[in-house]
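Peer 1: okay, sequence plus prediction incoming.
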Amino acid sequence: MTAFKSPRLWLFVWAGLGAALVLYVMIAASVKPGTGDAAAPLHDVSLLKGEMAEFAFAVPAREAPVIAFEHDGREVTLADFRGRTILVNFWATWCAPCVKELPSLDALQADFGERGFEVVAIATGPQGKETPAAFLERLGVTNLKRYADPRLRLAASIGGGSVLPVSILYDARGREIGRLVGEADWASPEARRLIERAIAES
């Protein structure tokens, strides 16, 4: 019983409780609502099959760069698309894989465009406005809006200036879910499953 009357024992007890309280406050302050695993961008590796086998999730998630590109003669940024899940695709008229890929992106836009999703297909390089538009018309692409990055500022900022096509998937908060370098069939069942999950979890 004399041990419980020892000032040294109570000093250790109170010091331990104080340390535990400080640790609890620190942990509580670092875990903010909406930033846990449930709110993180999609990272389900079971989706990386078939046409999406080369899709690489962003770990950690990266914020979309705020660098201007062009649409209908005015400047826009990826921040203008907040609230929608977007697939940013960089392409060029001289890129043979892009030619093969663009119709599937057009089909993806047709299927998901009314569900809070948009394919943002950005023509890269100094090709003028008419050349990409005429190119898309020849391919029968009718659902994609015309975006351009003539000075490659946005493409270079995400590492997509030298290898095309590059497709980057962002959630509705503007965080990169992941990317695919090279051609893919975006109208494939694997791509549709990935986009459906991204929309559902944004």
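Peer 2: Everything's here; your move.
Peer 1: quick one: the helices in the chain?
Peer 2: Counting by DSSP state H, the segments of the chain that form helices are 7-30, 96-112, 130-139, 153-157, 189-201.
Peer 1: for the third one, which positions count as buried?
Peer 2: The neighbour-count check on helix 130-139 (16 or more other C-beta atoms under 10 Å) flags 132, 135-136 as buried. Where C-beta positions appear, they are placed from N, C-alpha and C, glycine not excepted.
Peer 1: tell me the one of these nearest residue 47?
Peer 2: residue 136 (28.5 Å; C-beta to C-beta).
Peer 1: got the domain ranges for the chain?
Peer 2: Here the domain parsing of the chain from automatic domain parsing is 1-31, 41-201.
Peer 1: now render these as CSV, adding mean pLDDT.
Peer 2: Conversion of these to CSV gives the following (pLDDT from 0 to 100):
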stretch, mean pLDDT
domain 1-31, 43
domain 41-201, 92
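Peer 1: any idea which of those is most buried?
Peer 2: With neighbours taken as mean count of other C-beta atoms under 10 Å, the domains of the chain reach their highest mean count in domain 41-201, at a mean of 18.
Peer 1: quick one: end-to-end distance for that domain.
Peer 2: By C-alpha to C-alpha, to the nearest Å, the extent of domain 41-201 from end to end equals 8 Å.
Peer 1: repeat for stretch 55-70
Peer 2: One end of stretch 55-70 sits 27 Å from the other (C-alpha to C-alpha).
Peer 1: can you give the contact residues for that stretch?
Peer 2: Applying C-beta atoms under 8 Å, 6 or more residues apart in numbering, the contact partners of stretch 55-70 are 40-43, 45, 47-48, 75-79, 122, 147-150, 153-154, 157-158, 169-170, 174-180, 184, 194.
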